[in-house]
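K.L.:
how would this look folded up:
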Amino acid sequence: MKRTNEQWLAEAIARLIDGAGMRDRLQSLDIKAWWPELAGPMIARHTTAITLRAGRLTIAVDSAPLRQELTFMRAEIAARINERAGKDVVSEVLVR
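P.N.:
Below is the predicted model:
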């Protein structure tokens, strides 16, 4: 008897990740791994935390002048991350 509910492994894993609510956490880990390359070593050195929740990326830095600079670069940061991810992952960037 042949089964009719076949699915690709990638589809099954994607459903499992979405069902468990782990999508944002996994994408946040990807962004943390890409951050030194995307932002540069100096900015990465002063970044204390990166979190992603519901398309909102929060970047915490330990320098007020750098915080100001990154605030002006929010659209560029989102564009770089979305380009690297190959889809719209970040819709808003907050710098703290």
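K.L.:
which residue ranges of the chain form helices?
P.N.:
Taking DSSP state H to define them, one finds helices in the chain at 9-19, 23-39, 41-45, 64-72, 74-85.
K.L.:
for the record, mean pLDDT for the longest one?
P.N.:
Throughout helix 23-39, pLDDT has a mean value of 93.
K.L.:
low-confidence stretches in the chain?
P.N.:
Scanning the chain for pLDDT under 70 picks out 1-5.
K.L.:
need the helices of the chain in CSV (columns: mean neighbour count).
P.N.:
For the C-beta atoms, the positions are set from N, CA and C on the backbone; glycine is no exception. Formatted as CSV, the helices of the chain follow (neighbours: other CB atoms under 10 Å):
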stretch, mean neighbour count
helix 9-19, 10
helix 23-39, 15
helix 41-45, 13
helix 64-72, 13
helix 74-85, 15
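K.L.:
tell me which of these sits nearest to residue 55.
P.N.:
Nearest to residue 55, of all these, is helix 23-39, at 8.5 Å by CB to CB.
K.L.:
contacts for that closest one next, please.
P.N.:
By CB atoms under 8 Å, 6 or more residues apart in numbering, the residues outside helix 23-39 that reach it are 17, 44, 47, 50-54, 57, 77, 80-81, 84-85, 89-90.
K.L.:
greatest separation within those residues: which pair is it?
P.N.:
Farthest pair in the contacts of helix 23-39, by CB to CB: 17 and 44, 26.6 Å.
K.L.:
nearest to residue 71, of the contacts of helix 23-39?
P.N.:
residue 77 (10.0 Å).
K.L.:
gap between that closest one and residue 12?
P.N.:
33 Å (CB to CB, to the nearest Å).
K.L.:
with residue 45 instead?
P.N.:
40 Å.
K.L.:
what of residue 75?
P.N.:
With distances taken as CB to CB, residue 75 is found 36 Å from residue 12.
K.L.:
residue 59 too?
P.N.:
Residue 59 is 33 Å from residue 12, where distance means CB to CB.
K.L.:
over to residue 51?
P.N.:
In this view, residue 51 and residue 12 are 27 Å apart by CB to CB.
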